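J.: Build the 3D model from these lines:
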Amino acid sequence: MNEEKVKYTIEGLFCVLLLVVMTVLMFTEVVARYVFASSFIWIEELTRYLFIWLTFISAAYVTATQSHIKVDAALSVFPKKLHLAIKRAGLLIWLVFSIVITYVGFNYSLTMLSVGGNSPSLGIAKGLIYLGIPIGYLLMSIRLVLNLYKDITNPKMKDMEA
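T.: Numbering: from 1, shown residues only. Purely as a prediction, here's the structure:
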């Protein structure tokens with residue numbers, strides 16, 4: 001198994017772990033509410049925060065594995081010679097957007113940490129909760145740089161994939 005696949009597997013396992021924890025927590029909440037007529041106040045909140053992290057880490061994972069949704073039909077409008085340039089331009093725009101969101105997200109998280117404010121039930125600093133957004137976009141930016149590097153250094157492989 002090559003090193004890159006191991007990295008993907010670790011990211012994927014982290015996403016699966018988050019999903020399993022969320023499922024177990026919500027199952028526990030449903031059973032507690034409907035069977036025992038009692039519930040845990042903190043479960044819904046924790047599940048929401050785990051979902052934030054899951055969303056953005058899994059976005060980085062699908063960027064790494066190149067299994068995100070994309071619209072290739074628009075490429076058919078352009079001549080085949082331009083397809084590679086258009087794909088690279090799209091990756092560059094996506095990379096710039098990801099870097100901006102990473103920067104803004106880290107600033108927002110640091111501001112939330114300095115201003116204060118904790119979650120109602122768990123008492124977790126909101127800055128830590130929202131840190132999943134810039135971390136996910138940072139990982140996505142790294143994966144986009146790697147994808148662009150692979151695309152530029154080995155364009156023949158990309159033609160075979162497309």
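
J.: so where's the protein uncertain?
T.: 1-9, 71, 155-162 (pLDDT under 70).

J.: what ranges do the strands span in it?
T.: Along the chain, no segments are classed as strands by DSSP state E.

J.: mind listing the helices for it?
T.: For the chain, helices defined by DSSP state H occupy the ranges 3-34, 41-65, 83-115, 126-129, 132-153, 155-161.

J.: now those helices in a markdown table, with mean neighbour count and distance to A74?
T.: Just so you know, the C-beta spots here come from the backbone N, C-alpha and C atoms, and that holds for glycine as well. Shown next, in a markdown table, are the helices of the chain (neighbours: other Cβ atoms under 10 Å; distance: least, Cβ to Cβ, whole Å):
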| stretch | mean neighbour count | distance to A74 |
| --- | --- | --- |
| helix 3-34 | 13 | 27 |
| helix 41-65 | 18 | 19 |
| helix 83-115 | 15 | 8 |
| helix 126-129 | 18 | 37 |
| helix 132-153 | 18 | 18 |
| helix 155-161 | 10 | 17 |
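
J.: Nearest to A73 among the ones you listed would be which one?
T.: helix 83-115 (12.3 Å; Cβ to Cβ).

J.: nearest to L75, of the helices of the chain?
T.: helix 83-115 (5.3 Å).

J.: what helices or strands is the closest one leaning on?
T.: helix 126-129, helix 132-153, helix 155-161 (3 or more Cβ pairs under 8 Å, 6 or more residues apart in numbering; DSSP states H and E).

J.: Could you dump the ones you listed into JSON lines and include distance to I10?
T.: Formatted as JSON lines, the helices and strands packed on helix 83-115 follow (distance: least, Cβ to Cβ, whole Å):
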{"stretch": "helix 126-129", "distance to I10": "22"}
{"stretch": "helix 132-153", "distance to I10": "11"}
{"stretch": "helix 155-161", "distance to I10": "23"}
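
J.: can you tell me which of those comes nearest to V20?
T.: helix 132-153 (17.2 Å).
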